[in-house]
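[1] 3D, please:
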Amino acid sequence: MPRSSPRELRVPGEILLLSTYAMGHSPTGLSSLAAFLKPAGFEPRLLDLATGPLESEAVKRAWWVGIHVPMHTALRLGILVAKKVRVLNPSAHICFYGLYASLNASLLLSDDGAGDSVVGGEFEPVVVEWIQALESATLAQKTPRPPPGVSLRGHPAAPRMARTEFKPSDRRGLLPLDRYAHLQIPGGTRVVGYVESTRGCKHSCRHCPIPPVYQGRFYAVSRPVVMENILHLVREGAQHITFGDPDFLNGPTHALALVKELHERAPAVTYDFTAKVEHLLAQRHRLTEFARTGCLFVITAVESLEEEVLRVLNKGHDRTQVKEALDLLRQAGIAPRPTFVPFTPWSTLEGYLNLLNFLAAEGLVNHVDPVQLSIRLLVPPGSLLQQDPQFLPHRDLLDPASLTWRWRHPDPRMDALQQRVRDRVEAGSKDSAETVFLEVRRLAEEALNGRQEVAGAVSPLLPQPPAPRLSEPWFC
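    Below you'll find the model as predicted:
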């Protein structure tokens, strides 16, 4: 029940919400939770550690600290932050929340994780109930009784997955949008806002962290809430909107209604979204409408062109369908931005070189962030792959530092090539995509041929047209 005053039943101290990494956009895991906490009488302090330091005084004033962990990088950084919080304020209650929280609950609630509680799934209402329970128990000097969906040390709980009645986000306390990633297009840049119109996903790609938690469920955020979020971002200066849904086309009717309304109310604003290859094929008749309403590009997780890799990962498409989906996007006037996991235990040197040749022949080199050429399959705790019979022969020890299962490729040349490609990509952060691509292709040919290629022997690229992109590469 909403309180009449934010000072009723107040534990001394503040509520602090922390984000460590949100792929270059304003962290919705903070602004969404703030929108639930404030009507309940709480005034959380929001700190985005991707854009500023951990403020020691704010930590010392806090009695409850929430650390949002929506992805693997955020989880790793979040654990380091939790340990700093524990040193600065030993009495503060530290709660990890978000997609990766429940997947890693046992670690986060150990001494190595430094957490006191974990909330996964549809976290906003659960966190509010948990803070209310903690506050009442603290003031009454009693042991708190956690609501369903809260895991404590020695008391695991399944994440609560009931449909949430979402509220418009509350970004007060976060930095202006121009401090985050921006859109790069020929001739200039645009300020970007980020929204989510759905949660979860229908599908079960085996390397994705969403299926173990949502198990095929997805929930739509009501159109009025999404539109209020978008229009608020536009008023703050957003000229382009990223729909950050795991798959915008899980609910195609919902998606199209949103972008039509966006175009009617803010016709100069452009947008992008993420969708599976199979959804792009199924919704081919709607692609021209997405283009008409301002869609500049679509991210699609191709992952690989190799049949065996796609089968193991349960991607639901093949090479021919990838080519068809990319062609459909371009015919509609939408730039494709495929993403990849080119290094897996089932990938081959020939397959990697074929992928590079495909990107060159299709004019996609500028459509793929160079980091995508170096991605190695990540298998964190909780992944559907960690006990998969197809993965177990390659699995090594769990790496506590990187929070992932180590694995070895049966062909040592692939592991060596991945390291060389990673090093080249990292060293060439200021180089053009074409320059990095040519170097990577040379490394791949050397690995396949077993000898160093003569400088300049790599075939030149066909002309590669520029493509719209975000200034921070998309990867977890």
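[2] avg pLDDT for stretch 290-301?
    Across stretch 290-301, pLDDT averages out at 98.
[3] Any buried residues in it, and which?
    Neighbour-count burial for stretch 290-301 flags 290-291, 293-301 (criterion: 16 or more other Cβ atoms under 10 Å). For the C-beta atoms, the positions are set from N, CA and C on the backbone; glycine is no exception.
[4] same question, stretch 51-62
    Residues 51, 54, 58-59, 62 are the ones in stretch 51-62 that count as buried (16+ other Cβ under 10 Å).
[5] repeat for stretch 346-358
    Buried residues in stretch 346-358 (16+ other Cβ under 10 Å): 346-349, 351-353, 355-356, 358.
[6] Columns secondary structure, distance to residue 390 and pLDDT on top of those, output as CSV?
    Formatted as CSV, the buried residues of stretch 346-358 follow (DSSP: H, G, I helix; E, B strand; the rest coil; distance: Cβ to Cβ, whole Å; pLDDT from 0 to 100):
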residue, secondary structure, distance to residue 390, pLDDT
346, coil, 8, 98
347, coil, 13, 98
348, coil, 15, 98
349, helix, 20, 97
351, helix, 16, 98
352, helix, 19, 98
353, helix, 23, 97
355, helix, 21, 98
356, helix, 25, 97
358, helix, 25, 96
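[7] Doesn't residue 278 lie inside a strand?
    No. Assigned with DSSP: H, G, I helix; E, B strand; the rest coil, residue 278 falls outside any strand and is helix.
[8] so what's it scoring on pLDDT?
    97.
[9] now do residue 140
    At residue 140, the pLDDT value in this model is 84.
[10] Identify the residues contacting it.
    Residues near residue 140 by Cβ atoms under 8 Å, 6 or more residues apart in numbering: none.
[11] swap in residue 256?
    Residues in contact with residue 256 (Cβ under 8 Å, 6+ apart) are 286, 289-290.
[12] Filter the buried residues of stretch 51-62 down to the ones in strands?
    Secondary structure from DSSP state E places residue 62 of these in strands.
[13] Looking at the buried residues of stretch 51-62, which is nearest residue 160?
    Nearest to residue 160, judged by Cβ to Cβ, of those is residue 62 at 24.4 Å.
[14] these two touch, right, that closest one and residue 16?
    Yes. Using Cβ atoms under 8 Å, residue 62 makes contact with residue 16 at a distance of 4.0 Å.
[15] Could you export the buried residues of stretch 346-358 as CSV, including distance to residue 402?
    CSV is the format used below for the buried residues of stretch 346-358 (distance: Cβ to Cβ, whole Å):
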residue, distance to residue 402
346, 21
347, 20
348, 25
349, 25
351, 25
352, 23
353, 28
355, 25
356, 27
358, 30
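[16] Of those residues, which is the nearest to residue 465?
    Out of the buried residues of stretch 346-358, the member with the shortest distance to residue 465 (by Cβ to Cβ) is residue 358, at 16.3 Å.
[17] Does that closest one touch residue 302 like I think?
    No. Between residue 358 and residue 302 there is no contact, the gap being 9.8 Å when judged by Cβ under 8 Å.
[18] farthest-separated two in the buried residues of stretch 51-62?
    51 and 62 (19.2 Å).
[19] ranges for the helices of the stretch 51-200 of the chain?
    56-61, 72-88, 99-103, 105-108, 123-139 (DSSP state H, counting those that start in this stretch).
[20] among the ones you listed, which is nearest residue 214?
    Across the helices of the stretch 51-200 of the chain, closest to residue 214 is helix 99-103 (Cβ to Cβ), at 8.8 Å.
[21] and the closest one, C-alpha only, in CSV?
    Only the C-alpha atoms of helix 99-103 are listed here, as CSV (Å, rounded to 0.1, in the frame of the first residue of the first chain):
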residue,chain,number,x,y,z
LEU,A,99,18.6,-11.7,-15.1
TYR,A,100,22.0,-12.9,-14.1
ALA,A,101,21.2,-12.7,-10.3
SER,A,102,19.1,-15.9,-10.0
LEU,A,103,21.4,-17.8,-12.4
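[22] Which residues outside that helix are in contact with it?
    Contacts of helix 99-103 (Cβ under 8 Å, 6+ apart): 69-72, 74-75, 108, 118-121, 123, 151, 158-159, 209-210, 212-213, 380-383.
[23] Let's see that with 7 Å instead.
    The contact list for helix 99-103 (Cβ atoms under 7 Å, 6 or more residues apart in numbering) reads 69-72, 74-75, 108, 118-121, 159, 209-210, 212-213, 380-382.
[24] cool, and stretch 266-278?
    Residues from elsewhere that reach stretch 266-278 (Cβ under 7 Å, 6+ apart): 203, 234, 238-243, 245-249, 259, 262, 294-302, 316-317, 321-322, 325.
[25] Next: stretch 435-442.
    Against stretch 435-442 from outside (Cβ under 7 Å, 6+ apart): 356, 365, 370, 373, 421, 424-425, 428, 453, 458, 461.
[26] among the residues you listed, which ones are buried?
    Buried members of the contacts of stretch 435-442, scored by 16+ other Cβ under 10 Å, are 356, 365, 370, 373, 421, 424-425, 428, 458, 461.
[27] need those in TSV with secondary structure and distance to residue 282, can you?
    Listed next are these as TSV, based on DSSP: H, G, I helix; E, B strand; the rest coil; distance: Cβ to Cβ, whole Å:
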residue	secondary structure	distance to residue 282
356	helix	29
365	helix	28
370	helix	31
373	helix	29
421	helix	34
424	helix	37
425	helix	33
428	coil	37
458	coil	38
461	coil	33
